[in-house]
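K.L.:
Make a model of this:
(2 chains)
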Amino acid sequence: AQTVTQSQPEMSVQEAETVTLSCTYDTSESDYYLFWYKQPPSRQMILVIRQEAYKQQNATENRFSVNFQKAAKSFSLKISDSQLGDAAMYFCAYRGATNKLIFGTGTLLAVQP
Amino acid sequence: DGGITQSPKYLFRKEGQNVTLSCEQNLNHDAMYWYRQDPGQGLRLIYYSQIVNDFQKGDIAEGYSVSREKKESFPLTVTSAQKNPTAFYLCASSITPTGKETQYFGPGTRLLVL
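P.N.:
Residues are numbered from 1 along each chain as shown, chains lettered A, B, ... in the order given. The predicted model follows:
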């Protein structure tokens, strides 16, 4: 069975600085998709970025980018120029052949002014 | 505006009572999902539906039931058989059920037991 691990329960970053959130996963599949979701205090899940496993190029969305290392089964999220509005819980998620979205336990990001 | 709505925002359940959580989407998505979120944990899949009049159990379906009579609607009933229902419930949808499609989430319902 596939698993997703986020080993950092909490992280903190200064406003305008860069922070990287870690995510590793375990799978025997070769074709899958990876996602980062943000859950602010409102608790609505918001898609931040997605990566297709067959693409070697790392996905980017404005200040958000990923470092996808397929061989190492690693999928970290980098947030550049951190803003106060980035403070939230961040979840890494995996979706493979079963079409089920499997979530990690989340990383709570605090942004210090 | 297109999106996913969930109601109510807060729901209180008495012992032995069945309660139903509403989820509606106007995105014309085929697939819909229900997740449960407990403190300190990620989301866990309860049920999902790939198409109208069809649904499958997820990882924690015991004590829950669903129906999918209309494409736009996927209500979740928390039955009295669910002994620990206090949690945050999130509904999601995607264009199709295939892995490449992103799931979009509603605002959630907080269920509390009296």
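
K.L.:
close to chain A, is stretch B:38-51?
P.N.:
Yes: counting by C-beta under 8 Å from any C-beta of the partner chain, contacts between stretch B:38-51 and chain A involve B:40-45, B:48. Any C-beta I mention is one placed from the backbone N, CA and C, and that applies to glycine too.

K.L.:
Repeat that for stretch B:102-114.
P.N.:
Yes: contact of stretch B:102-114 with chain A (C-beta under 8 Å from any C-beta) involves B:102-108.

K.L.:
Roughly how far does the residue nearest the centre of chain A sit from A:Ser65?
P.N.:
Centroid-nearest residue in chain A: A:Trp36, 3.5 Å away (criterion: C-alpha atoms, centre = their mean). Distance of A:Trp36 to A:Ser65, given as C-beta to C-beta, to the nearest Å: 10 Å.

K.L.:
Which neighbours do the two have in common?
P.N.:
Common contacts of A:Trp36 and A:Ser65 (C-beta atoms under 8 Å, 6 or more residues apart in numbering or on different chains): A:49, A:77.

K.L.:
Burial check on the nearest residue to A:Val111 once chain neighbours are set aside, number of neighbours?
P.N.:
Closest residue in space to A:Val111, ignoring its immediate chain neighbours: A:Ala87 at 4.5 Å, by C-beta to C-beta, 6 or more residues apart in numbering or on different chains. Using other C-beta atoms under 10 Å in any protein chain shown, A:Ala87 has 18 neighbouring residues.

K.L.:
in stretch B:69-76, what counts as buried?
P.N.:
By 16 or more other C-beta atoms under 10 Å in any protein chain shown, the buried positions in stretch B:69-76 come out as B:71-72, B:74-76.

K.L.:
go on, stretch B:23-39?
P.N.:
Going by neighbour count (16+ other C-beta under 10 Å), the buried part of stretch B:23-39 is B:23-25, B:29-37.

K.L.:
So for that stretch, mean pLDDT?
P.N.:
For stretch B:23-39, mean pLDDT rounds to 95.

K.L.:
Ends of that stretch, what's the gap?
P.N.:
The stretch stretch B:23-39 measures 22 Å between its terminal residues, going by C-alpha to C-alpha, to the nearest Å.

K.L.:
Stretch B:30-50 now?
P.N.:
Span of stretch B:30-50 from end to end, C-alpha to C-alpha: 6 Å.

K.L.:
got the residues of stretch B:38-51 next to chain A as a markdown table, with secondary structure columns?
P.N.:
Output for the residues of stretch B:38-51 next to chain A, formatted as a markdown table (DSSP: H, G, I helix; E, B strand; the rest coil):
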| residue | secondary structure |
| --- | --- |
| B:Gly40 | coil |
| B:Gln41 | coil |
| B:Gly42 | coil |
| B:Leu43 | strand |
| B:Arg44 | strand |
| B:Leu45 | strand |
| B:Tyr48 | strand |
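
K.L.:
wait, which of these is closest to chain A?
P.N.:
Lowest distance from chain A to these (C-beta to the nearest C-beta) belongs to B:Gly42, with 3.2 Å.

K.L.:
who in chain A is up against chain B?
P.N.:
Residues of chain A lying near chain B by C-beta under 8 Å from any C-beta: A:4, A:31-33, A:35, A:37, A:42-47, A:50, A:52, A:91, A:93, A:95-97, A:99-101, A:103-106.
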